[in-house]
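Enquirer: Sequence unavailable; structure follows:
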Ligand code: PLP
Ligand code: TYF
């Protein structure tokens, strides 16, 4: 049966993480996968998560099946985080949320819902984007095209071409957008650009899916959701995939949610029934544990405040590393000015390194980054930054 089956390619990001693990060099640095690391190079267990774990352990609840749509408290908190507590969307009940297997699972639910139920088969993603956007939509039966996003020469968003490409899409096409902290470029739209984009989306009758995997990693929880709130205010129907992987440092617990914003409560209830159908046919119902942790933290005002502080600390450490990297590159004598890293948003930076330079970083220095030139700033710390800056400088010469 499987004699002729070809091997599938490795995930270009997670595969690099595996190579890093296998590298015996003590000085190695992991700048590949988009995971927040502490100053000590470790994935943190947030204090609030530890506290929630203790409470859950003491509560000793049985592990029965949960609802298909997941933990109802989590679904509610997701809407509050996305739209703000006092949002019209929440008051009118015109959105529904289903807990998902991370942000990835939310994107898959969205793709399935729009394809299976509404018959959509065209999607557009940014060039470049997080690779899974393309693979998820392709595997769900879509033809995937790309709108230009990045101007390599200028190191900025190629907004004129982008708008032209979006305008040229067939009506009804699903347009995947990064709500904040664009992966991989680290370049987000300005408020003006979001408004222009929204106008074109409405005018062309496109279906936006806003992917927010890094809420709280750029400016703050509310600020980072501003694009979503702008779309909500416009009164259009759209979808949002959200993730707690990064914001709670709960990567392996697979906790996120799909939110579908519709025109009214009746429509939202019907959409919800269909999303549940997609979930049921995929995995029956989502895991309980990560959801219970998130619900415990967000449901306790003291823990919630502490979570916001811990999230701010992660965000601020990344900002500090951006500043330090720019300085260290100058000190190391980099032929290229690296101050652009201080202007990018979120966890990633597009360095402009070629695949050959990325390969040299790995081979000669044990510094692991993604072949497209993306680095995860959160892998930098006070101990490795000079080493990294020297290596970044050396491979440019
Ligand atoms: N969307 C983007 C842009 C991402 O970078 C990620 C990263 O992990 C995800 C979605 C999915 O996150 P999760 O690990 O929660 O599935
Ligand atoms: O882009 C990243 O590094 C994160 C983590 O298939 C990730 O989004 C990478 C690849 C993948 C799943 C998650």
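Expert: Happy to help now that I have it. Because the structure is a prediction, the values reported are computed rather than measured. Ligands and ions are numbered 1, 2, ... in the order given.

Enquirer: give me the element residue 229 is part of.
Expert: helix 226-233 (DSSP states H and E).

Enquirer: oh, I was asking about residue 334
Expert: Under DSSP H and E, no helix or strand contains residue 334.

Enquirer: Give the buried residues for stretch 139-156.
Expert: Neighbour-count burial for stretch 139-156, counted by 16 or more other CB atoms under 10 Å, picks out 140, 142, 144, 145, 146, 147, 148, 149, 150, 151. To be clear about C-beta, it is placed using only N, CA and C from the backbone, and glycine gets the same treatment.

Enquirer: cool, and stretch 129-136?
Expert: Going by neighbour count (16+ other CB under 10 Å), the buried part of stretch 129-136 is 129, 130, 131, 132, 133, 134, 136.

Enquirer: related to what we said a few turns ago, go ahead and name everything in contact with the helix holding residue 229.
Expert: With CB atoms under 8 Å, 6 or more residues apart in numbering as the test, helix 226-233 has contacts from 82-84, 87-89, 177, 179-180, 189, 191, 194-195, 198, 208, 210, 212, 238, 240, 261.

Enquirer: hmm, 10 Å instead?
Expert: Residues outside helix 226-233 that contact it (CB atoms under 10 Å, 6 or more residues apart in numbering) are 81-84, 87-90, 94-95, 177-180, 188-189, 191, 193-195, 197-198, 201-202, 208, 210, 212, 215, 219-220, 222-223, 225, 237-240, 242, 259, 261.

Enquirer: Now the buried members of those residues.
Expert: For the contacts of helix 226-233, a burial check counting by 16+ other CB under 10 Å picks out 81-84, 87, 89-90, 94-95, 177-180, 188-189, 194, 197-198, 201, 208, 210, 212, 215, 219, 225, 237-240, 242, 259, 261.

Enquirer: got the residues of the stretch 1-150 of the chain near ligand 1?
Expert: Within the stretch 1-150 of the chain, the residues that sit near ligand 1 (CB under 6 Å from any ligand atom) are 34, 102, 103, 104, 130.

Enquirer: at 5 Å what do you get?
Expert: Residues of the stretch 1-150 of the chain lying near ligand 1 by CB under 5 Å from any ligand atom: 102, 103, 104, 130.

Enquirer: Neighbour-wise, give me the winner out of those residues.
Expert: Using other CB atoms under 10 Å as the neighbour test, those are led by residue 103, with 26 neighbours.

Enquirer: Confirm that that one sits in a helix.
Expert: Yes: secondary structure of residue 103 (DSSP: H, G, I helix; E, B strand; the rest coil): part of a helix.

Enquirer: Can you name the residues bridging to the closest residue to it other than its chain neighbours?
Expert: Excluding the flanking residues, the one nearest residue 103 by CB to CB, 6 or more residues apart in numbering is residue 243, at 3.1 Å. Taking DSSP bridges as the rule, residue 243 bridges to residue 256.

Enquirer: Residue 243 and residue 214 touch, don't they?
Expert: Yes: counting by CB atoms under 10 Å, residue 243 does reach residue 214; the two are 8.0 Å apart.

Enquirer: Spit out the residues that contact those two alike.
Expert: residue 103.

Enquirer: Name all residues that make contact with the residue in the stretch 51-200 of the chain that ligand 1 sits nearest to.
Expert: Nearest to ligand 1, among the residues of the stretch 51-200 of the chain, is residue 102, at 2.8 Å (CB to the nearest ligand atom). Counting by CB under 10 Å, 6+ apart, residue 102 makes contact with 108, 213, 241-245, 250-257, 286, 290.

Enquirer: Counting neighbours, which of those residues end up buried?
Expert: Among the contacts of residue 102, those buried by neighbour count (16+ other CB under 10 Å) are 108, 213, 241-245, 250-251, 253-257, 286, 290.

Enquirer: and the longest helix along the chain, how far out from the chain's middle?
Expert: Taking DSSP state H as the criterion, the chain has its longest helix at helix 301-331. In terms of CA atoms, centre = their mean, to the nearest Å, the centre of helix 301-331 is found 17 Å from the chain centre.

Enquirer: Just the buried residues of it, please?
Expert: 303, 306-307, 310-311, 314-315, 317-318, 321-322, 324-326, 328-329.

Enquirer: Can you tell me which residue of this protein sits closest to ligand 2?
Expert: Counting by CB to the nearest ligand atom, the chain gets nearest ligand 2 through residue 34, at 3.0 Å.

Enquirer: That residue belongs to a helix, doesn't it?
Expert: No: counting by three-state DSSP, one finds residue 34 to be coil, located in no helix.

Enquirer: Just to check, it is in contact with residue 182?
Expert: No: contact between residue 34 and residue 182 fails when scored by CB under 10 Å: they sit 11.6 Å apart.

Enquirer: More neighbours: these two, which one.
Expert: Higher neighbour count among residue 34 and residue 182: residue 182, with 27 against 24, using other CB under 10 Å.

Enquirer: helices and strands around the one helix or strand residue 163 maps to, which ones?
Expert: Using DSSP H and E, the element containing residue 163 is helix 159-167. The contact analysis (3 or more CB pairs under 10 Å, 6 or more residues apart in numbering; DSSP states H and E) places helix 159-167 against strand 122-127, strand 143-148, strand 150-151, helix 191-204.
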